[in-house]
Each structure stands twice: as structure tokens, then as C-alpha cells.
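Participant: Fold the following.
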Amino acid sequence: MCQLTLEVDDEVLAQAEAVAETENTTVTTLLRNFVESLAARSSDRTEQAGKRLQATFDKLGRDMGTRQWTRESLYER
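Facilitator: The predicted structure follows:
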């Protein structure tokens, strides 16, 4: 696990500490959870995009049958 250093305004930190206190946790835990949720959201978007792409292939793809040619036969002269 790596360490991250941030600079935030004193007011913002005080507000974050108040939120952490009401949730019985720490600002560090709040930030860690937030960063993890960002990473998961990005991963979910990538997965959903892949599923949409596959659905498009499934919908628009055509069965071309079995290949009847060889690479060598394409280049015969």
C-alpha cells in the first residue's frame, strides 16, 4: 500500500473531520473508500463498454461459414 500526501484548506479538513467523526471513522478511511470507489467505477465503465461492444458484435455479426481457403492459395499466381 502506498502513502498519499494531500494539501487541503483548513476549513475543508475540519469539515471532513466532522463528517468522519459522525460516521465513527477517520478522514483517511473516508478518502481511501472514496478513491477505491473511483477505481471501481472506472472498472465498471470499462466492463459495461465491453459488454455493449460484444452485444453489438452479436447483433450485427454474420456467420461467414468455414474458411475454404489457405493463405498459400490466396498468393498463388
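Participant: Would you point out the helix or strand in this protein whose mean pLDDT is lowest?
Facilitator: The helix or strand of the chain with the poorest confidence is helix 71-74; it has a mean of 86 (mean pLDDT, DSSP states H and E).
Participant: okay, which residue is most central for the chain?
Facilitator: Nearest to the mean C-alpha position of the chain, counting by Cα atoms, centre = their mean, stands Ser43 at 1.7 Å.
Participant: Which residues belonging to the host helix or strand of Leu38 are considered buried?
Facilitator: In the assignment (DSSP states H and E), Leu38 maps to helix 27-60. By neighbour count on 16 or more other Cβ atoms under 10 Å, the buried set for helix 27-60 is Val27. For the C-beta atoms, the positions are set from N, CA and C on the backbone; glycine is no exception.
Participant: Could you pull up the mean pLDDT of it?
Facilitator: Mean per-residue pLDDT for helix 27-60: 89.
Participant: That helix: how far from the chain's middle?
Facilitator: Put simply, helix 27-60 sits 3 Å off its chain's centre (Cα atoms, centre = their mean, to the nearest Å).
Participant: Show me what it is packed against.
Facilitator: Packing partners of helix 27-60 (3 or more Cβ pairs under 8 Å, 6 or more residues apart in numbering; DSSP states H and E): helix 10-22.
Participant: Show residues contacting the helix it packs on.
Facilitator: Contacts with helix 10-22, where a contact means Cβ atoms under 8 Å, 6 or more residues apart in numbering, come from Val8, Thr26, Val27, Thr29, Leu30.
Participant: got it, and stretch 23-40?
Facilitator: Residues contacting stretch 23-40 (Cβ under 8 Å, 6+ apart): Leu4, Leu6, Leu13, Ala16, Glu17, Val19, Ala20.
Participant: again, only using 10 Å
Facilitator: With contacts defined as Cβ atoms under 10 Å, 6 or more residues apart in numbering, stretch 23-40 is touched by Met1, Leu4, Leu6, Val8, Leu13, Gln15, Ala16, Glu17, Ala18, Val19, Ala20, Glu21.
Participant: Of all those residues, the one with the weakest confidence?
Facilitator: Met1 (83).
Participant: Perfect, I'm done here.
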